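Peer 1: The sequence and its predicted three-dimensional model are supplied below.
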Amino acid sequence: MQIYLVGGAVRDQLLGLEIKDRDHVVVGATPAQMLAQGFQQVGKSFPVFLHPDSHQEYALARTERKAGHGYTGFEVCADPTVTLEADLLRRDLTINAIAQAQDGSLTDPYGGQRDLEKRLLRHVSDAFVEDPLRVLRVARFAARFHSLGFTVADDTLALMRQLADSGELAHLTPERVWSETERALCGPTPRVYFEVLHACGALKVLMPELAALDGVPQPAAHHPEIDSLEHTLLTVTRAAALSPSLNIRFAALVHDLGKALTPSEQWPQHIRHEQLGRQPLSALCQRLKVPNACAELAEIACVQHLNVHRAEALKPQTLLKLFDRVDAWRKPKRFADLLLVCQADSQGRQGFEQRPYPQADYLSQALAVANQVQVRPIVEAGFKGPAIKTELARQRIEALSRYKVRAE
């Protein structure tokens, strides 16, 4: 029995990065031998074991043969005759196909160290196309390691295009697509993930609502970048700089989906795009099974971002309607998140990245002023039933009117 450290742990160690997870491969062993040494078996489709003390994963060396669709359609062989090189051959990228023995020596049969030096994401073999999940994984690695200078090899991108064209991506479960997308959104450069998916044709398969923004123009005076997809990616970049929140970053990604539905004869204007965006946003969220809190903020940002942008011009009555529609009274944290999404939208334009966004402070203070009007005095004054709500709204509008005069 020989044990090797493999995958991301070896890669990150060679890159000088913090190692988060340690995975091991065991060559020349049987499940019975592993169990006899106190390991706990957890793998169902192939033998994976947890170490009795460290609880790190130890998988028997295995080979895989394509026998169906999707990333689960494989026949697995994990008998003791499987070599380390054969196990490494089934992996996705060369930089993930390096093994380290217990004495520290490296086994690198497919040039992973060379590709680390070249900052290249390159497939191990043509069997890459047997697993559609690898398209998403490569895009996520490209985003994760973008700051280190990594790019996708041209021949690997060609295989990703082949996968996107083959129909195999349709066999990915929504949970896996969302899982990879969530990890990319929470990473340092999420825009790269979507750029790579778009470059290989996977974006139009997995997120057609987003891909449809490509080539849709906007008014150059307000959007020097012109292209709607580029604006979206700039907005995600600003959102990532403003907050680590997944909800905020996702809402930034999908806030303008309605622009893809504007009739071309109306370009570059996008009348009512915030309302038009509700349908494609709902379709995307349902298909990918986006978490409720994420989807809710996204819908609010989609529908209300223009109102937030013109906050200082809104009448007191309209301000009150805005607070009501987004339920700012009961969910002030979500309202604060909305303001960050809108700030990212405003600054997610070429040359506008550092432009102040006073609307956020204006609306935060307006909400605080409106919240100073309490229900109890109204009830104590004798108002009952629906009249309570009417009087509460009237007093809040008066308070907002005074605030607006002071702000001007």
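Peer 2: Noted; the coordinates are in hand. Source: prediction; values computed, not measured.

Peer 1: make it CA atoms for all contacts and neighbour counts henceforth
Peer 2: Fine.

Peer 1: Do a quick rundown of the helices in the stretch 51-200 of the chain.
Peer 2: 84-89, 112-118, 133-144, 154-166, 174-185, 190-199 (DSSP state H, counting those that start in this stretch).

Peer 1: export those helices to JSON lines and tack on mean neighbour count, mean pLDDT and distance to E225?
Peer 2: Output for the helices of the stretch 51-200 of the chain, formatted as JSON lines (neighbours: other Cα atoms under 10 Å; pLDDT from 0 to 100; distance: least, Cα to Cα, whole Å):
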{"stretch": "helix 84-89", "mean neighbour count": "20", "mean pLDDT": "94", "distance to E225": "43"}
{"stretch": "helix 112-118", "mean neighbour count": "17", "mean pLDDT": "98", "distance to E225": "31"}
{"stretch": "helix 133-144", "mean neighbour count": "23", "mean pLDDT": "97", "distance to E225": "22"}
{"stretch": "helix 154-166", "mean neighbour count": "18", "mean pLDDT": "97", "distance to E225": "26"}
{"stretch": "helix 174-185", "mean neighbour count": "18", "mean pLDDT": "97", "distance to E225": "22"}
{"stretch": "helix 190-199", "mean neighbour count": "22", "mean pLDDT": "98", "distance to E225": "15"}
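
Peer 1: Tabulate those helices in TSV, adding columns for distance to Q279.
Peer 2: Output for the helices of the stretch 51-200 of the chain, formatted as TSV (distance: least, Cα to Cα, whole Å):
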stretch	distance to Q279
helix 84-89	44
helix 112-118	43
helix 133-144	25
helix 154-166	25
helix 174-185	19
helix 190-199	21
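
Peer 1: Figure out which of those helices is closest to A241.
Peer 2: helix 190-199 (10.7 Å; Cα to Cα).

Peer 1: chain center to the next helix or strand after the closest one: distance?
Peer 2: Using DSSP states H and E, the helix or strand that follows helix 190-199 towards the C-terminus is helix 203-206. For helix 203-206, the gap between its own C-alpha mean and the chain's C-alpha mean amounts to 14 Å (Cα atoms, centre = their mean, to the nearest Å).

Peer 1: Packing partners of helix 203-206?
Peer 2: If you count contacts as 3 or more Cα pairs under 8 Å, 6 or more residues apart in numbering; DSSP states H and E, helix 203-206 packs onto helix 190-199, helix 208-211.

Peer 1: So which bits of that helix are buried?
Peer 2: Neighbour-count burial for helix 203-206, counted by 16 or more other Cα atoms under 10 Å, picks out L203, K204, V205, L206.

Peer 1: send the alpha carbons of it over as PDB?
Peer 2: Extracted C-alpha coordinates of helix 203-206, given in PDB (Å, rounded to 0.1, in the frame of the first residue of the first chain):
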ATOM      1  CA  LEU A 203     -22.900  30.500 -21.000                       C
ATOM      2  CA  LYS A 204     -25.700  30.400 -23.700                       C
ATOM      3  CA  VAL A 205     -26.400  26.800 -22.700                       C
ATOM      4  CA  LEU A 206     -26.400  27.200 -18.900                       C
END
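
Peer 1: According to the record, where do the domains of this protein fall?
Peer 2: 1-112, 372-407 (automatic domain parsing).

Peer 1: Now the ones you listed in CSV, please, with extra columns for distance to K289.
Peer 2: Formatted as CSV, the domains of the chain follow (distance: least, Cα to Cα, whole Å):
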stretch, distance to K289
domain 1-112, 18
domain 372-407, 36
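
Peer 1: Give me whichever of those is most buried.
Peer 2: The highest average neighbour count among the domains of the chain, using mean count of other Cα atoms under 10 Å, belongs to domain 1-112 at a mean of 17.

Peer 1: got the end-to-end distance for it?
Peer 2: 24 Å (Cα to Cα, to the nearest Å).

Peer 1: Please apply the same query to stretch 236-254.
Peer 2: End-to-end for stretch 236-254, by Cα to Cα: 9 Å.

Peer 1: quick one: contacts for T235?
Peer 2: When contacts are counted by Cα atoms under 8 Å, 6 or more residues apart in numbering, T235 touches A252, L253, A344, D345, S346, Q347, G348, R349.

Peer 1: Please determine how far P208 is located from D23.
Peer 2: Counting by Cα to Cα, the gap from P208 to D23 is 35 Å.

Peer 1: How about D79?
Peer 2: 19 Å.

Peer 1: Would you list the phi and psi of the closest residue to D79 other than its chain neighbours?
Peer 2: Once flanking residues are discounted, D79 sits nearest to T30: 6.6 Å by Cα to Cα, 6 or more residues apart in numbering. T30 adopts backbone torsions of phi -110, psi 160, taken as degrees, to the nearest 10.

Peer 1: what's the answer for the one 10 residues further on, then?
Peer 2: With angles defined as degrees, to the nearest 10, Q40 sits at phi -110, psi 120.

Peer 1: Would you agree it is in contact with L50?
Peer 2: Yes. Counting by Cα atoms under 8 Å, Q40 touches L50, with 5.1 Å between them.

Peer 1: elements contacting the helix ranked longest in the chain?
Peer 2: Assignment by DSSP state H gives helix 386-407 as the longest helix of the chain. Contacts defined by 3+ Cα pairs under 8 Å, 6+ apart place helix 386-407 against helix 316-325, helix 359-371, helix 375-380.

Peer 1: got the ones you listed as CSV, with distance to L306 and mean pLDDT columns?
Peer 2: Formatted as CSV, the helices and strands packed on helix 386-407 follow (distance: least, Cα to Cα, whole Å; pLDDT from 0 to 100):
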stretch, distance to L306, mean pLDDT
helix 316-325, 11, 97
helix 359-371, 11, 97
helix 375-380, 30, 94
